[in-house]
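Enquirer: starting from these lines, generate the structure:
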Amino acid sequence: KTVADKTGVKMEIISGEKEAEYDYLGLKLHYNTDTGAVFDLGGGSAQLITFEDGKVTANVSKKIGALKLYKTFVKDTFPTYLEEVKIREYIKSEISGFKSKEHEFIFAMGGAASAIKKLYRTLFGEKKEDFTVLELKSFLEVPENIINSVIPERLYTIRPALIAIEEICNTLKTDRIKCVTCGVRDGMMYKL
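Expert: Numbers count the residues shown, from 1 in each chain. Next up, the predicted model:
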């Protein structure tokens, strides 16, 4: 209302489910795939979508964003072992009802996916978008000074994000992700 009053621009707040729909549309614009799964892990929430024969079969938004996980469970810069256990338990309970068949890989979009690609490029000097869960687990050991120099805006949230991604992969029955740069904005612009 304030923005509309001051600028004349009307804003629309979209639901998590609408965000997930736009994520899927954005993915379809860039990747020719009719069956699979995608998640968009942001700061406050994550959208999980499965699709088959070009149609969305499941679409949810859950409050398991990386910043939310950090603020809720972590007291210092990185989660302790016990904090990590609590994060995992919380994520499992949030997404336990989401059913999915096994996937060769799932698409990952959002800030966490971009940060993973950037971190890998800096550490290994090459671009990559496909990662195994085992590779993602190794990122949990990257020292604070390297994370702070490569992705300082993600210093506090990258480890909760990696934990969330691992649990999402377990739920979506895969051990591989493909980090993509398309997402909700692409889908929204297409729909408009």
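
Enquirer: what's the closest non-adjacent residue to F131?
Expert: Among residues not flanking F131 along the chain, I177 sits closest, at 5.5 Å (CB to CB, 6 or more residues apart in numbering). For glycine as for every other residue, the C-beta is placed from the backbone atoms N, C-alpha and C.

Enquirer: okay, and the beta partners of the one you found?
Expert: Beta-bridge pairing of I177 under DSSP bridges involves I106, F131.

Enquirer: and it, what does it touch?
Expert: Residues in contact with I177 (CB atoms under 8 Å, 6 or more residues apart in numbering) are 105-108, 113, 130-131, 133, 136, 165, 169.

Enquirer: roughly how far apart are it and I147?
Expert: According to CB to CB, to the nearest Å, I177 stands 19 Å off from I147.

Enquirer: please apply the same query to A37.
Expert: From A37 across to I147, the span is 28 Å (CB to CB).

Enquirer: I14 too?
Expert: Look at I14 and I147: by CB to CB, they are 31 Å apart.

Enquirer: more neighbours, these two?
Expert: Higher neighbour count among I14 and I147: I147, with 21 against 13, using other CB atoms under 10 Å.

Enquirer: wait, doesn't that one sit right on L155?
Expert: Yes: counting by CB atoms under 8 Å, L155 is a contact partner of I147 at 5.5 Å.

Enquirer: roughly how far does the nearest residue to N59 once chain neighbours are set aside sit from E135?
Expert: Computed as CB to CB, 6+ apart, the closest residue to N59 that is not its neighbour in sequence is A20, at 4.6 Å. Distance, A20 to E135, by CB to CB: 26 Å.
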